[in-house]
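K.L.:
Dropping a prediction and its sequence here:
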Amino acid sequence: MPTVQTGLERLLEDPHRWLNDGRIGFLCNPASVDHQLTHARILLHQALGEQLQALYSPQHGFFAEKQDNMIESTDLIDPALQIPVFSLYGKARIPDARMFEPIDVLLVDLQDVGCRVYTFIYTLSYCLEAAAKYNIQILVLDRPNPINGVDVEGNRLAADCSSFVGRYPIPMRHGLTIGELAGFFNDYFKIGCRLKVIPMAGWKRHMQFADTGLPWVAPSPNMPTAQSALVYPGQVLWEGTNVSEGRGTTQPFELFGAPYIHVEKILASLGNGQIPGAVLRPTVFEPTSSKWHDAACNGFQIHVTDPAIYRPYRTTLLLLQAVISGHRAQFEWKAPPYEYEFERLPIDLIIGDRNIRRRLENLEPVEELEAGWQEELERFKKIRQEFMIYRG
């Protein structure tokens, strides 16, 4: 048996403790499984029968088959249960009255990755708002934060950088579970939905995903392993540049590079590549899709050796600044569009603060950037205490 029991598994032990006889919808994707890898919708159908009336899918589609940003999925009929699946990353990202008409309660079981820019948490926030509007109850079946629930890192989102990759002023690495985030969004920002969270059993805040005993199923196509999630809160920054973040390879976000990068120059600027908690290994890779597809990219793979001291956001800011400094003529910020934003720079939406991007361009030391956001980070740490379900 795994060390951790998810909210899904706790619900299935005694469904009627949590649910009445109302009609049920279920927001899920392929990572919504129990510890034996049986999909949750099958388990819920076995437990609840025809109460389960509709399914809902986040970005990347019901089968997590859509590879990249702004690739929409359509509504469909689930081939296993023959009930409708409403896409929440299609023509609309906000549930409308038609989508919620078949249900009285929405269950949510999504594997988050602990990072501000991962869109599942904003699909959840839109569901909370729509549920408050249409008088639907929401039950979030909690899952682990795969990169632990202790460490918090990065600047909080500035209001003028709000988008679908950042709706609320939280830091890049927030240190909360998706159930805790649901409570935070709903109460702190006064959404007012009828919300319950079914907590996990056995999860401790210090745990990395490997400590949970749970199986990892990719919640999105470019999050194939828990190691991908560990580097993601920093490596996602490359999405806003002309440097490949490893999409189109088997190790997205762990790999990064571009044909113009001179690896020895980068290593030298970083003091021979010394990164706390990780090894920066030079490599060459050819993406089969996305940026630089079929071109040999000079770059690195990040091998995390000690997750307790590795700081993903800080690490990639240092790497990004090294690339800017060493390759001024070749390096570029990616132009819009990005996640349905057609004017603002993608990097500003990802970093969440235009001023920090400008300071990076001016090669201000990362230590000074961090010092500038410490006060707001400490404020967030105090606020999040109210919404922590797990204290150990």
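P.N.:
Everything's here; your move.

K.L.:
Just want the most central residue of this structure.
P.N.:
residue 118 (2.8 Å; CA atoms, centre = their mean).

K.L.:
Kindly list the main-chain dihedrals of that residue?
P.N.:
phi -80, psi 120 (degrees, to the nearest 10).

K.L.:
So that it lines up with my notes, have the first residue be 58 from now on.
P.N.:
New numbering, starting at 58: the last item is residue 175.

K.L.:
okay, it: pLDDT?
P.N.:
Turning to residue 175, the model gives it a pLDDT of 98.

K.L.:
wait, isn't it in contact with residue 181?
P.N.:
No: Residue 175 lies out of contact with residue 181 (CB atoms under 8 Å); the separation is 10.7 Å. In this view, the C-beta of every residue, glycine as well, is placed from N, C-alpha and C.

K.L.:
For the stretch 308-449 of the chain, which segments are assigned as strands?
P.N.:
Per DSSP state E, counting those that start in this stretch, the stretch 308-449 of the chain carries strands over the ranges 312-315, 331-332, 335-342, 354-361.

K.L.:
Need the winner for burial among those strands.
P.N.:
strand 312-315 (a mean of 26; mean count of other CB atoms under 10 Å).

K.L.:
now for it, which elements pack on it?
P.N.:
Packing partners of strand 312-315 (3 or more CB pairs under 8 Å, 6 or more residues apart in numbering; DSSP states H and E): strand 335-342, strand 354-361.

K.L.:
Direction included, what does the first one pair up with?
P.N.:
Looking at strand 335-342 with DSSP bridges, its paired strands and their directions are strand 331-332 (antiparallel), strand 354-361 (antiparallel).

K.L.:
which residues of the chain score low on pLDDT?
P.N.:
Counting by pLDDT under 70, the chain shows low-confidence ranges at 58.

K.L.:
Would you map out the domains in it?
P.N.:
64-278, 283-418 (automatic domain parsing).

K.L.:
Need the distance between the two termini of the last one.
P.N.:
Right, the one you point to is domain 283-418. Domain 283-418 has an end-to-end distance of 31 Å (CA to CA, to the nearest Å).

K.L.:
Contact partners for residue 233?
P.N.:
171, 202, 206, 241, 441, 444-445 (CB atoms under 8 Å, 6 or more residues apart in numbering).

K.L.:
7 Å - rerun?
P.N.:
Counting by CB atoms under 7 Å, 6 or more residues apart in numbering, residue 233 touches 202, 206, 241, 441, 444.

K.L.:
which helix of this protein spans the most residues?
P.N.:
Longest helix of the chain, by residue count under DSSP state H: helix 423-442.

K.L.:
Give me the residues contacting it.
P.N.:
Under CB under 7 Å, 6+ apart, the answer for helix 423-442 is 209, 212-213, 227-228, 232-233, 241, 245, 371, 374-375, 378, 413, 416.

K.L.:
Contacts only, for residue 243.
P.N.:
185, 250, 252.

K.L.:
thinking again about what came up before, now the helices and strands packed on strand 312-315 in CSV, please, with extra columns for distance to residue 132.
P.N.:
CSV is the format used below for the helices and strands packed on strand 312-315 (distance: least, CB to CB, whole Å):
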stretch, distance to residue 132
strand 335-342, 37
strand 354-361, 37
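
K.L.:
Figure out which of those strands is closest to residue 237.
P.N.:
Smallest distance to residue 237 across the helices and strands packed on strand 312-315 (CB to CB): 24.1 Å, for strand 354-361.

K.L.:
correct me, but the residue nearest to the centre of the chain touches residue 169?
P.N.:
Yes: look at residue 175 against residue 169 with CB atoms under 7 Å: they come within range, at 6.2 Å.

K.L.:
can you redo the strands paired with strand 335-342 as a markdown table with distance to residue 191?
P.N.:
Formatted as a markdown table, the strands paired with strand 335-342 follow (distance: least, CB to CB, whole Å):
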| stretch | distance to residue 191 |
| --- | --- |
| strand 331-332 | 48 |
| strand 354-361 | 43 |
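
K.L.:
Of those strands, which is nearest residue 267?
P.N.:
In terms of CB to CB, the element of these nearest to residue 267 is strand 354-361, at 11.3 Å.

K.L.:
neighbouring contacts of the closest one?
P.N.:
So strand 354-361 is contacted by 284, 287-288, 301, 308, 311-316, 318, 320, 334-344, 367 (CB under 7 Å, 6+ apart).

K.L.:
distance of residue 418 from residue 297?
P.N.:
Per CB to CB, to the nearest Å, residue 418 is found 12 Å from residue 297.
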